[in-house]
Structures are given as structure tokens and as C-alpha cells.
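1. Build the 3D model from these lines:
(one chain, ligands or ions: 1)
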Amino acid sequence: MNAPRPKHAPLTQFEVVDDSLVVGGMPLARLAARVGSTPFYAYDRARLDERVAYLRQHLPPEIHLHYAMKANPMSAVVQHMATLVDGIDVASGGELQVALDTIMPPERISFAGPGKSDADLRCAIAAGIILNVEGFGELDRIALAGRELGITAKVAVRVNPDFELKSSGMKMGGGPKQFGVDAERVPEMLRRIGELKLAFEGFHIFSGSQNLKVASLQEAHDKTFELARRLAKDAPGPVLTLNIGGGIGIPYFPGEERIDLAAVGTHLREILPDARRDLPQAQVVMELGRYLVAEAGIYVCRVVERKESRGEVFLVTDGGLHHHLAASGNFGQVIRKNYPVVIGNRVAGGEREVASVVGPLCTPLDLLANQMELAKSGPGDLVVVFQSGAYGLTASPGGFLSHPAAREVLV
Ligand SMILES: *Cc1c(COP(=O)(O)O)cnc(C)c1O
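-> Residues are numbered from 1 along each chain as shown. Take a look at the predicted model:
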């Protein structure tokens, strides 16, 4: 019949017992009963622990790991991550409040993002966190808010680098960008920070996201340190923090492989001594969102109807793009590809079939799996979308079509 379907990356992060996925120590059907309703997201804290331990094992010990919480801002997740990582990076005033509720000391919280409001800036300065400054206008507003509060604001310069992180899912630096200060204008900003007598913390150089290529990351790390060394010459004080970004991706689609983290770590180990010599007071920080949390999370919805149309099978579920835009292929993907999906209560199943998983929304965009090989299933069965712990619920248009919200649990 058809050519063999390309396989997804091996999904070894969850156990399968008696053909059922086990999440948080429970068979999936029991977990669904414990949650109380479908659809829901479940995040597995053991998987979060493992991922941080794995990073610690492979990255040089002097690198601080920060959690970029926009990947998954559920407060229970952030609370848990705060016990594992060395810092939290927030991207809004709302995220800042969640981060401040954790045990993380404020000096290890940083705030990046264009368009911070005056209210956001005042909260951040009062809290004593580090502001990653995105532009000259913002810098003046920070200085003014600090004067009004009688507090010296801590600032790091977010640099829009003069290079790109090659083969990134999402480029966040290089060329004209709304993020950060163009590298060539950073000396001018550093002078201004000195004039305004703000507390200079260092640099934030974030070049891209969702990268699976070791060579691209290594090259970006080389260029990041080189740029930081060059910029430091004009700094009003020593570089105390050097945030080198993150960008480490995870495999989502058929043919993608997990990144060789050991190779990323080895390269960092090679280049860190130079950085230490030139920037002796700099704490090097790596900020990661998706790599920390994405593989620890699943999205679960229930089959409501099984339909056939002109020879194709459709599993209509109670979940869809209103909860999980990324799995539907509408969150920045150029070509729609399937996330890894299984029938969670019959993983291998008896009979297999090719089916599409759709949601209840009246739009053809509401597609969670397109013509995938799955265990044969019907109403009541539980569809699981893996790699769903990042950019899931809060990156989806929950109000679209007024269906019930999805729950979230940390197990
Ligand atoms: C979104 C973001 C991250 C996290 O990106 P991931 O791909 O989830 O690791 C890190 N830093 C900044 C500044 C961001 O905006």
C-alpha cells in the first residue's frame, strides 16, 4: 500500500505497563479518573528531575542553569523547577509574580522582553531582580522608576547579536529584531548606564531557540563569548552575569533526534577558561525553557466519536488546538508535521490502523494527528500527545469556540 511511515524519535520517557502508559506512577486511565475530566495536561516531576540531573552531568559545573518559565508557567511546575535550577527567567510582569512566590532569591531572577510597562519595571526594581534591558527608551524609564523608588536598578544589556544561531527553529537574534540592543550600539548603552548610575550586571545574548544541531550551538557559543569579551571593554563595571542563552531543542517530528548534549558540554568546557580569564567575575548562565520541561509533559484527550469519511478514519476528541495549538501545527511551523501521538490506554493495541485525530472545533485546522498509525480505538479511549510540557496550554487560544478549559496537573 503506502510507503512506510517515518518513525518518531524514540519515546522512552514514560513507562508502558500492560499496554498502558504509566504517568506519575499511575496507569493513564486511573490518572484520568484522578484528574476528574479530560482533556488535561500532566507534567511528571520525576522526568523534570531527570532532565536537570542530565544537564548537570553533561554541562560544566560552573554554568548556572536558569528556567525560562514562559515555556511552562504553571505555578506548581515553576515551584518545582525553583528547587532544581539556579535561577528563573521571566518574560512578563505576571510571570514575575509567580517566580517571586518561589524560593528563588530575587537576584537570581531576570526579566527580559520588549515592551515592559512602567508598572512591570517598578515591580521588578522593588523586587530587586535583574532587568534585561531591551532598548534606550526602556533604560531611561528604568532610571526614572528607580529614582522615584529610591532603589538602584540592576540592569543587564540584552544584546541583539551580530550573528544568528544557525538552523534554529526560531531565530531570536541577528539582523533587525525587536529584541535587545543591536551589538554595534551596545557601547553607547553601556555609557548611558554609567551616566545614569545604574547597577550594571552584565549581558544577555540569546540568539535562537529549538536547535538540534551541535555544530550550530558550538559556533553560537564561540561567537557569544567573543562578543561578550568585546562588549565588556566599554562596560561601566565588571561583567557579573553572562547569560549565553539556551536554544537547545527537543525532537518533535519524524526523523529528528535528541541532541548530543555531551558534545555541547565538552565544547563549553574548552572555551570557558578563556572567558574566565577575560571576564573573571562573570557567572555564566544558560537559560532553557523547552529542553527542561517539554518532554516531561503530555496532553491527554478522550475520543468522543469515531467516524469514517471516504475511506479515512477520524477520531474526534474532546481536545484540540484551543488547548494545544503547537500540536495542531499552527504555532509557527512552516509545514505541518505530526507530534508523537499514541492511544495511551492501548499503546501497541491489538489491531493497528491509520487514523487522524481531530478536535471539536469547526475548523479543519483542528488536527492533532494527520493520518498516523495508531492502535485501533474508539469512544472512551485516551489520546496522548507527547512532547507537550512546553508551549502547550498557555500558548493556545483557549477562548476560541468556547469549549471547556483543559486542566493541568503536576504528578
Ligand atoms: C523563550 C525564551 C527562552 C526559552 O526558549 P526555549 O526554546 O523554550 O528554550 C529563553 N530565553 C529567552 C529570552 C526567551 O525569550
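
2. Count the neighbours of the residue of the stretch 151-300 of the chain found nearest the ligand for me.
-> Closest contact between the stretch 151-300 of the chain and the ligand, by Cβ to the nearest ligand atom, is at residue 289 (2.5 Å). Glycine gets a C-beta too; all of them are placed from N, C-alpha and C. Neighbour count for residue 289, taken as other Cβ atoms under 10 Å: 25.

3. One more: residue 107?
-> Neighbours of residue 107 using other Cβ under 10 Å come to 15.

4. Ok, residue 350 next?
-> With other Cβ under 10 Å as criterion, residue 350 counts 8.

5. thinking it is in contact with residue 343, fair?
-> No: look at residue 350 against residue 343 with Cβ atoms under 8 Å: they stay out of range, at 11.1 Å.

6. shared neighbours of these two, which are they?
-> Contact criterion Cβ atoms under 8 Å, 6 or more residues apart in numbering; residues shared by residue 350 and residue 343: residue 375.

7. who in the stretch 101-250 of the chain is up against the ligand?
-> 112, 206, 209-210, 246 (Cβ under 6 Å from any ligand atom).

8. and if we set it to 8 Å?
-> For the stretch 101-250 of the chain, the contact set with the ligand under Cβ under 8 Å from any ligand atom comprises 112-113, 132, 158, 169-170, 172, 179, 204, 206, 209-210, 245-249.

9. Are any of those buried, and if so which?
-> Among these, those classed as buried by neighbour count (16 or more other Cβ atoms under 10 Å) are 112-113, 132, 158, 169, 172, 179, 204, 206, 209-210, 245-249.

10. and residue 20, bridged to which residues?
-> Judged by DSSP bridges, the bridge partners of residue 20 are residue 17.

11. Kindly report the same for residue 158.
-> residue 204.

12. Need the per-residue pLDDT for it.
-> Here, the pLDDT recorded for residue 158 equals 97.

13. repeat for residue 11
-> 63.

14. Residue 126 and residue 389, how far apart?
-> Distance of residue 126 to residue 389, given as Cβ to Cβ, to the nearest Å: 32 Å.

15. So for these two, which sits in the more crowded spot?
-> Neighbours per residue, other Cβ under 10 Å: of residue 126 and residue 389, the larger number sits with residue 389, 29 against 14.

16. Wait, a strand at that one?
-> No: going by DSSP: H, G, I helix; E, B strand; the rest coil, the assignment for residue 389 is coil, not a strand.

17. quick one: contacts for it?
-> If you count contacts by Cβ under 8 Å, 6+ apart, then residue 389 has 41, 43, 71-72, 293-298 around it.

18. picking up where we left off before, I'd assumed residue 390 was in contact with the residue of the stretch 151-300 of the chain closest to the ligand.
-> Yes: Residue 289 lies in contact with residue 390 (Cβ under 8 Å); the separation is 5.9 Å.

19. Quickly list what's touching both of these two.
-> Counting by Cβ under 8 Å, 6+ apart, the contacts common to residue 289 and residue 390 are 71-72.

20. just for the stretch 1-150 of the chain, where's the confidence low?
-> 1-12 (pLDDT under 70).

21. State which one residue of it is found closest to the ligand.
-> residue 68 (3.6 Å).

22. residue ranges of the strands in the stretch 301-411 of the chain, please?
-> For the stretch 301-411 of the chain, applying DSSP state E, counting those that start in this stretch gives strands covering 312-317, 341-343, 352-358, 367-375, 382-385, 407-410.

23. could you redo these as CSV and give each row distance to the ligand?
-> Shown next, in CSV, are these (distance: least, Cβ to the nearest ligand atom, whole Å):
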stretch, distance to the ligand
strand 312-317, 26
strand 341-343, 21
strand 352-358, 25
strand 367-375, 21
strand 382-385, 18
strand 407-410, 18
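
24. care to break the protein down by domain?
-> When the chain is parsed with automatic domain parsing, its domains come out as 15-43+294-410, 105-288.

25. Save the ones you listed as a markdown table, and put in distance to residue 91 too.
-> Output for these, formatted as a markdown table (distance: least, Cβ to Cβ, whole Å):
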| stretch | distance to residue 91 |
| --- | --- |
| domain 15-43+294-410 | 11 |
| domain 105-288 | 4 |
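
26. Now that residue 345 has come up, it's in contact with residue 28, right?
-> Yes: between residue 345 and residue 28 there is a contact at 5.4 Å, judged by Cβ under 8 Å.

27. what do those two both touch?
-> In contact with both residue 345 and residue 28: 20-21, 382, using Cβ under 8 Å, 6+ apart.

28. So what's the residue count around residue 226?
-> 15.

29. Mind giving me the packing neighbours of the helix or strand containing it?
-> Take DSSP states H and E as the rule and residue 226 turns out to sit in helix 214-232. When contacts are defined as 3 or more Cβ pairs under 8 Å, 6 or more residues apart in numbering; DSSP states H and E, helix 214-232 sits against strand 154-160, helix 186-195, strand 199-205, helix 261-278.
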